[in-house]
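A.B. asks: Test case, fold it:
(one chain, ligands or ions: 1)
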Amino acid sequence: MRKQIVAGNWKMNCDLPDTQKLITDLKTGLVKEFNCELMIAPSTPFLYNAFNSTLDSDIEVIAQNVSEQEKGAFTGETSVDMLQSIGIKTVIIGHSERRDIYGETNELIAQKVKASVNKGMRVIFCCGEHLEIRKEDKHFDLVGNQVKIALQDLTEEQMSQIVIAYEPVWAIGTGETATPEQAQEMHAHLRNELSVLFNDSIAQNTSILYGGSVKPNNAAELFAKPDVDGGLVGGASLSAESFLNIANAI
Ligand code: PEP
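C.D. replies: Numbers count the residues shown, from 1 in each chain. Model prediction:
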């Protein structure tokens, strides 16, 4: 059975007091068990504090990014070892903002994925197309290729450390969501790609999350689709109430 996951990507929001308040609000709202894993990705400077603050809860604190390099003269970067030394076990890699704003290529992203899984990290690998690509009907090829380049060198065993997040770029932070049918057809396509790249068991056991303007009012219909195993949530994860309502939709 693949895992259902709702992960909040806080991006470059929340200073230390805001981070602590949001975690307190989340913990206060965790009055029942959810049918999914709950993850939050605060900014790097607050990971250690957030990690310690959530030890007594079911929330996992995860990182938004990591370096492909092991150590050394890489100013501003954070290594896998550094994240692991403060207890972080999961990292988001390949977010479209990393690709588009910071020029991360498929090849660099593949290196980051490899560096992370080699050290035992779990990876939420993001992929997704821009609107022009969808209009040209090339989205299945493009997203399939992103997945292939990032994951093809992993062993079957390492694939158990991979979660895929399909995030159509035109839906991120825009308020425009992919329809449940659009999400389902891409997730089914990616599952098929995984069975070609690896095998059917890996295709069936890899969680594929949807991301792109997931809100409390659209989460249930997205998560109801058979190949949608939860969500990667940006804006709506900055309020404990909306994030927990989204998790409740699983
Ligand atoms: C994201 O950035 O991963 C995301 C899905 O953002 P939003 O939910 O705000 O569209």
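A.B. asks: Please enumerate the helices of the chain.
C.D. replies: 16-29, 47-53, 80-85, 96-102, 106-118, 131-135, 139-151, 180-197, 200-205, 219-223, 240-248 (DSSP state H).
A.B. asks: Among the ones you listed, which comes closest to the ligand?
C.D. replies: helix 96-102 (6.7 Å; CB to the nearest ligand atom). Placement of C-beta: from N, CA and C, glycine included.
A.B. asks: Show me which residues of that closest one are buried.
C.D. replies: Under the neighbour-count criterion of 16 or more other CB atoms under 10 Å, helix 96-102 has 96-99 buried.
A.B. asks: how far does it sit from the chain's center?
C.D. replies: Centre-to-centre, helix 96-102 and its host chain are 14 Å apart (CA atoms, centre = their mean, to the nearest Å).
A.B. asks: now what about it, what contacts it?
C.D. replies: By CB atoms under 8 Å, 6 or more residues apart in numbering, the residues outside helix 96-102 that reach it are 11, 65, 104-105, 109, 126, 128, 167, 169, 172.
A.B. asks: how about a cut-off of 7 Å?
C.D. replies: 65, 104, 126, 128, 167, 169, 172 (CB atoms under 7 Å, 6 or more residues apart in numbering).
A.B. asks: residues contacting the fifth one?
C.D. replies: Which is Glu167. Counting by CB under 7 Å, 6+ apart, Glu167 makes contact with 96, 126, 128, 211-212, 232.
A.B. asks: Who wins on neighbours among those?
C.D. replies: For the contacts of Glu167, the largest number of neighbours (other CB atoms under 10 Å) sits with Gly211, at 29 neighbours.
A.B. asks: Quickly list what that one is bridged to.
C.D. replies: Beta-bridge partners for Gly211, by DSSP bridges, are Leu232.
A.B. asks: cool, and Ile40?
C.D. replies: Beta-bridge pairing of Ile40 under DSSP bridges involves Gly8, Val61.
A.B. asks: tally of neighbours for it?
C.D. replies: The number of residues near Ile40, taken as other CB under 10 Å, comes to 24.
A.B. asks: Then Ser201?
C.D. replies: 12.
A.B. asks: any idea how far it lies from Met159?
C.D. replies: 10 Å (CB to CB, to the nearest Å).
A.B. asks: Pull out the buried positions in stretch 125-137.
C.D. replies: Quick answer for stretch 125-137 (16+ other CB under 10 Å): 125-130, 133-134.
A.B. asks: For it, give the mean pLDDT please.
C.D. replies: The average pLDDT within stretch 125-137 is 96.
A.B. asks: re earlier: let's have the contacts of helix 96-102 in TSV, adding distance to Gln182.
C.D. replies: TSV is the format used below for these (distance: CB to CB, whole Å):
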residue	distance to Gln182
Asn65	27
Glu104	25
Cys126	17
Gly128	11
Glu167	12
Val169	13
Ile172	14
